[in-house]
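S.K.: Any chance you could fold what I've pasted below:
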Amino acid sequence: MSNIFSGGDHELDLSNGATAVFVDVLMLAVSDLAAEPWDFRFAALLSLQDQNVMGRGAVGFDLAEFDWGATDEERARAKDFVLRAAALAASGHRWNELGYHPPRVHGYLHRFTTMVESFTPPAGSSALHDFPGPEDAAMASCVRHRVLSALPLYDGCFLCNRPPHC
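M.R.: Coordinates of the predicted model:
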């Protein structure tokens, strides 16, 4: 089973284990960079990629389904945030907190960055889609791990939800 992250003409098709690693490192970066309302909505979307909560092989997203914003400036800022988060994740930011070395994640992040860079967010705000709305933004932070989570929907962040053997 795999999880698909897509955008434009690109696709990142990841196994369940690869998805967990990809989302883990990206979530650590997003948690430290989030500052604007859109950033916290993106963090909520990432928290929905936690397979320990949502189910294995049941996650993924398409960049075309994001509400990138209503203006050129909003769309450019949102896209820049995702690219900065991917770059910070690729730098090894907070990987020491994972309890494992994330194998092959640089390749996943590189392919994701290429996908986001080549994607042109559509003009105008879009109300359809599964992108979390402002009321669903991940504004809560796990006190123990300093990671944004979709509380109160979950009992903790992705590190809290990790099975005991991890």
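S.K.: For residue 9, see how far away the residue nearest the centre of the chain is.
M.R.: The residue lying closest to the centre of the chain (C-alpha atoms, centre = their mean) is residue 46, at 3.3 Å. As judged by C-beta to C-beta, to the nearest Å, residue 46 and residue 9 stand 23 Å apart. Where C-beta positions appear, they are placed from N, C-alpha and C, glycine not excepted.
S.K.: ditto for residue 91
M.R.: Counting by C-beta to C-beta, the gap from residue 91 to residue 9 is 27 Å.
S.K.: Looking at those two, which has the bigger crowd around it?
M.R.: residue 91 (12 against 8; other C-beta atoms under 10 Å).
S.K.: can you give me the helices for this structure?
M.R.: All helices of the chain, identified by DSSP state H, fall at 16-33, 37-47, 51-54, 72-90, 105-118.
S.K.: wait, which of these is closest to residue 61?
M.R.: Taking C-beta to C-beta, helix 37-47 is the member of the helices of the chain nearest to residue 61, at 6.4 Å.
S.K.: Could you check the angle that closest one makes with helix 16-33?
M.R.: 160 degrees (axes from the mean of the first three to the mean of the last three C-alpha atoms, to 10 degrees).
S.K.: Can you mark which positions in helix 37-47 are buried?
M.R.: 38, 39, 40, 41, 42, 43, 44, 45, 46, 47 (16 or more other C-beta atoms under 10 Å).
S.K.: For the first one, give me its contacts.
M.R.: Residues in contact with residue 38, defined by C-beta atoms under 8 Å, 6 or more residues apart in numbering, are 69, 74, 77, 78, 81.
S.K.: And the pLDDT for residue 105?
M.R.: Residue 105 is assigned 96 on the pLDDT scale.
S.K.: quick one: it from residue 117, how far?
M.R.: 18 Å.
S.K.: repeat for residue 68
M.R.: Residue 68 is 14 Å from residue 117, where distance means C-beta to C-beta.
S.K.: cool, residue 101 as well?
M.R.: For residue 101, the distance to residue 117 equals 27 Å [C-beta to C-beta].
S.K.: Among the two, which residue is more densely surrounded?
M.R.: residue 117 (14 against 10).
S.K.: and the closest residue in space to that one that isn't next to it in sequence, what does it touch?
M.R.: Leaving aside its sequence neighbours, residue 117 sits nearest to residue 83 (C-beta to C-beta, 6 or more residues apart in numbering; 6.8 Å). Residue 83 sits next to 113, 116, 117 when contact means C-beta under 8 Å, 6+ apart.
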